[in-house]
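*Asks:* Sequence and predicted model, in that order:
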Amino acid sequence: MKSTLRLLFASTIALTVAGIGEARLVRVTIDSVKPAPDRGTGIRYEIVRGTFAGELDPRDPHNAIITDIGAAPLNPHGRITYSATFAIARPLDSAKASGVLYYDVPNRGYGAVGADEDGHIRVISGWQGDIAPSNSAQTASVPVAHGPHGTAITGPILTRLTNIPAGTKSVPIGAGIVRSTPRPLPVSLDTRKARLIREDGKGAADIAASDWAFGDCSKAAFPGTPDPRQLCLRRGFDLDAAYTLIYEGKDPLVLGIGFAATRDLVAFLRSGKPDDAGTPNPAGSAIRWTVASGVSQSGNFLRSFVHLGFNTDEHGARVFDGINPIIAARQVPLNVRFGVPGGAASTYDPGSEGSLWWGPYDDRTRGRGTGSLLDRCTRDRTCPKVVEVFGSSEFWGLRASPGLVGTDAKADLPLPTNVRRYYFPSITHGGAVETKFRTQGDPVPGGCTLRGNPNPLRESLRVAQKALVTWVKTGTAPPASRYPMLAKGDLVEPTARALGWPAIPGAPSPNGKLNTFVDYDFGPAFHYRDLSGVITRQPPALRRTFPSRVPRVNSDGNETSGIPSVTLQVPLGTYLGWNVQAKGYGAGGGCGFSGGFIPFAKTRAERIASNDPRPSLEERYHDHAGFVAQVRAAIARQQASGWLLPDDAAAMLRAAEQNDVLK
């Protein structure tokens, strides 16, 4: 059954500025209401799915920062329209609801809601307008920007292709994007009006226009069937090369509307107000607090959301009372003409150009003055409480260093009082799925050489998230921040010598595994401090590289700062935030955001035979009972410090008792 909600939001500023009208959500359509799977929490849930449509006034100061907002088509009321999907998990018995709306930002459209053990209303919604509609993804539909009299807006598009199997003749031009989304179509299929650059270990050079085509060569010889979505190479692609395609594209989406869509949906839901016809708000009428969480790309979304001023709704009120960016070290390039919000800190990807720090910092190295992620919400008095969580791979793969020590890496940057930072050492991007105490690590990540890092994040993250909710609801401050600092000697240069890396026979060195922090020149129309505007220079010029620091390690090769998991306190090997790419372009360098694992020898004899300087499992724990005893002691320490919940502690001890360590 379809029900329609008409929702009206008047902007406080709009009431005082002549000629500025209301922006609003105009419609919410409920597509389905179904029971949620019972998770045994004692609180039964149902899941509401649907879409919402909104209108934005391009003259409203709350929307002015959206790139190309003035070039979007207007409806008869002089407003810009958009729509997006959503899903809400709500308790069947409203008396069991906690009063907290917990918003989970989808990552590249993917996410889920379900029953919550604490009675929170869980919400997700679409924000990324370049994702095609799908039954399995949260998406947004945003308008195309146009020039005067409806003319097409054009500009340079860059797409980068790596690790294409040798001999491949044609690939989609967006194949290099994580969970690739369609790229804008080229204005012309004439390759003389575009560039294709090939890079290998010897350098870079343009491929002749006659040797490639916008075409599909999967069924026809070069130049194949003309196709603006495909790239065909006469001699096929080389696994050991990278290809950068630059062409003139058209019809940019106004992607920055995704921020406003999230702002206005959450503001409506927390209001509890019915629509004009009296239809109840799908989140109920008892929301008192709002908290948002985002992982990786969606954590970057939250950082940008606050930085660009979207945590202030159109009444001037706070949108999110608390946010939890998880394994996020950058900003999301959403508010950029022809932006690629699915980018992931690869070559030429924007994302680290603006403020990366929570407190004021004078970015003299890049000449961008003093600023912070919290400047606009501080001005508006709408800053959220922030609990930031990340680990080792964010230093090695996602350029986390400047957020802690600035672009000059000379001193620790202080945190504001409304921010907590928790660092979980020696974990891969996102941590292992579960605690299993694996002596040989997790399976080898795709394209890497070392076994996967089995050090988990989940148990510690649960504590941090509950602490954030308590902080928001009661004002009770979470534990003090714990993270690596220059002043304590925790952060060093990313070299084996500076790290104190142990000489493990047959193991790779950390040298050359860091994703270098760079300064790109995207042209004069790009607003660097806000990571917004228009990129006019593709590929961007590389102005310079900056120093980065990473956490030091002990004689086992494991990191020593932050909040170690039980797994790291009772190690079975060396847990790395980096891995090694096995083959193709960049072979031998870092392997994306994947962490690796180097197991300890089982016995003293094996260790001596291999000349491994790290004590063996036998020398550390004697036997299986000794290992379990040390796990039990570590669990007790973790609980005493407040960093392990009782149910996770019990599950962790069972996992230790049931595994095969020294059996």
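*Replies:* Noted; the coordinates are in hand. Being a predicted model, the structure only gives us computed values, none of them experimental.
*Asks:* Would you mind measuring from Cys383 to Thr536?
*Replies:* Taking CB to CB, to the nearest Å as the measure, Cys383 falls 33 Å from Thr536. Where C-beta positions appear, they are placed from N, C-alpha and C, glycine not excepted.
*Asks:* Between the two, which has more neighbouring residues?
*Replies:* Comparing Cys383 with Thr536 by neighbour count (other CB atoms under 10 Å), the higher total belongs to Cys383, at 24 against 14.
*Asks:* what's the closest non-adjacent residue to the more buried one?
*Replies:* Cys377 (3.9 Å; CB to CB, 6 or more residues apart in numbering).
*Asks:* Can you identify the element that follows the helix or strand hosting the one you found toward the C-terminus?
*Replies:* When elements are assigned from DSSP states H and E, Cys377 belongs to helix 375-380. Proceeding N to C from helix 375-380, the next assigned helix or strand is strand 385-391, under DSSP H and E.
*Asks:* if we look at that next one, which residues are touching it?
*Replies:* Applying CB atoms under 8 Å, 6 or more residues apart in numbering, the contact partners of strand 385-391 are 321-329, 358, 400, 418-429, 431, 457, 460-461, 464-465, 467-468, 471-472, 478, 577.
*Asks:* now with 6 Å?
*Replies:* 322-327, 418-422, 424, 427, 461, 464, 468, 471-472 (CB atoms under 6 Å, 6 or more residues apart in numbering).
*Asks:* from what I can see the residue nearest to Cys383 touches Asn311, true?
*Replies:* Yes: assessed by CB atoms under 6 Å, Cys377 is found in contact with Asn311 at 5.1 Å.
*Asks:* other SSEs contacting the helix holding Cys377?
*Replies:* Taking 3 or more CB pairs under 6 Å, 6 or more residues apart in numbering; DSSP states H and E as contact, there are no helices or strands that helix 375-380 lies on.
*Asks:* what's in contact with it?
*Replies:* Here helix 375-380 makes contact (CB under 6 Å, 6+ apart) with Val306, Gly309, Asn311, Thr312, Cys383.
*Asks:* Those residues in helices, which ones?
*Replies:* Under the assignment DSSP state H, the contacts of helix 375-380 contribute Val306 to helices.
*Asks:* Check the contacts of helix 375-380 and tell me the two furthest apart.
*Replies:* Pairwise distances across the contacts of helix 375-380 (CB to CB) peak at 11.0 Å, for the pair Gly309 and Cys383.
*Asks:* what residues are up against Gly431?
*Replies:* Contacts of Gly431 by CB under 6 Å, 6+ apart are Pro456, Leu457.
*Asks:* Kindly provide the distance from it to Gly446.
*Replies:* 17 Å.
*Asks:* now swap in Gly391 and tell me
*Replies:* With CB to CB as the criterion, Gly391 and Gly446 are 20 Å apart.
*Asks:* Same check on Ala633?
*Replies:* 36 Å.
*Asks:* With neighbour numbers in mind, choose between those two.
*Replies:* Counted by other CB under 10 Å, Ala633 and Gly446 do not tie: Ala633 has more neighbours, with 13 against 10.
*Asks:* give me the element the more buried one is part of.
*Replies:* Using DSSP H and E, Ala633 sits in helix 624-640.
*Asks:* Tell me which helix or strand comes right after that helix.
*Replies:* As assigned by DSSP H and E, the chain's next helix or strand after helix 624-640 is helix 646-658.
*Asks:* pLDDT averaged over that next one - what is it?
*Replies:* For helix 646-658, mean pLDDT rounds to 96.
*Asks:* just the angle between it and helix 624-640, please?
*Replies:* 170 degrees (axes from the mean of the first three to the mean of the last three CA atoms, to 10 degrees).
*Asks:* list the contacts for the closest residue to Arg270 other than its chain neighbours?
*Replies:* In space, and not counting its chain neighbours, Arg270 is closest to Ile287: 4.5 Å by CB to CB, 6+ apart. Neighbour list for Ile287: Leu101, Arg270, Gly272 [criterion: CB under 6 Å, 6+ apart].
*Asks:* my guess is the second one meets Thr290, correct?
*Replies:* Yes: with contact taken as CB under 6 Å, Arg270 and Thr290 are classed as touching, separated by 5.3 Å.
*Asks:* who touches both of these two?
*Replies:* Counting by CB under 6 Å, 6+ apart, the residues touching both Arg270 and Thr290 are Leu101.
*Asks:* Relative to Gly403, how far out is the residue nearest to Cys383?
*Replies:* Cys377 is 17 Å from Gly403, where distance means CB to CB.
*Asks:* what do you get for Glu493?
*Replies:* From Glu493 to Gly403 the distance is 17 Å (CB to CB).
*Asks:* Compare those two and say which is more crowded by neighbours.
*Replies:* Gly403 (25 against 15).
*Asks:* Find the nearest non-adjacent residue to the more buried one, please.
*Replies:* Gly403 sits nearest to Leu356 (CB to CB, 6+ apart), 4.3 Å away.
*Asks:* isn't that neighbour right up against Pro402?
*Replies:* Yes: look at Leu356 against Pro402 with CB under 6 Å: they come within range, at 4.9 Å.
*Asks:* And the helices in the stretch 501-650 of the chain?
*Replies:* In the stretch 501-650 of the chain, the helices defined using DSSP state H, counting those that start in this stretch lie at 566-569, 604-610, 617-621, 624-640, 646-658.
*Asks:* what's the answer for the stretch 301-450 of the chain, then?
*Replies:* Counting by DSSP H, counting those that start in this stretch, the helices of the stretch 301-450 of the chain are 375-380, 392-397, 401-405.
*Asks:* quick one: average pLDDT of the shortest one?
*Replies:* The predicted model assigns helix 401-405 a mean pLDDT of 98.
*Asks:* cool, stretch 425-435 as well?
*Replies:* 93.
*Asks:* Now the terminal residues of that stretch, how far apart.
*Replies:* Taking CA to CA, to the nearest Å, stretch 425-435 runs 15 Å from one end to the other.
*Asks:* next one: it to chain centre, how far?
*Replies:* 15 Å (CA atoms, centre = their mean, to the nearest Å).
*Asks:* Now it: buried residues?
*Replies:* Pro425, Ser426, Ile427, Thr428, His429, Gly430, Gly431, Ala432, Thr435 (16 or more other CB atoms under 10 Å).
*Asks:* and if you look at stretch 204-213?
*Replies:* So stretch 204-213, judged by 16+ other CB under 10 Å, has buried residues Ile207, Asp211, Trp212, Ala213.
*Asks:* Need the max-distance pair from those.
*Replies:* Ile207 and Ala213, at 10.9 Å, using CB to CB across the buried residues of stretch 204-213.
*Asks:* joint contacts of those two?
*Replies:* With CB under 6 Å, 6+ apart, Ile207 and Ala213 have no common neighbours.
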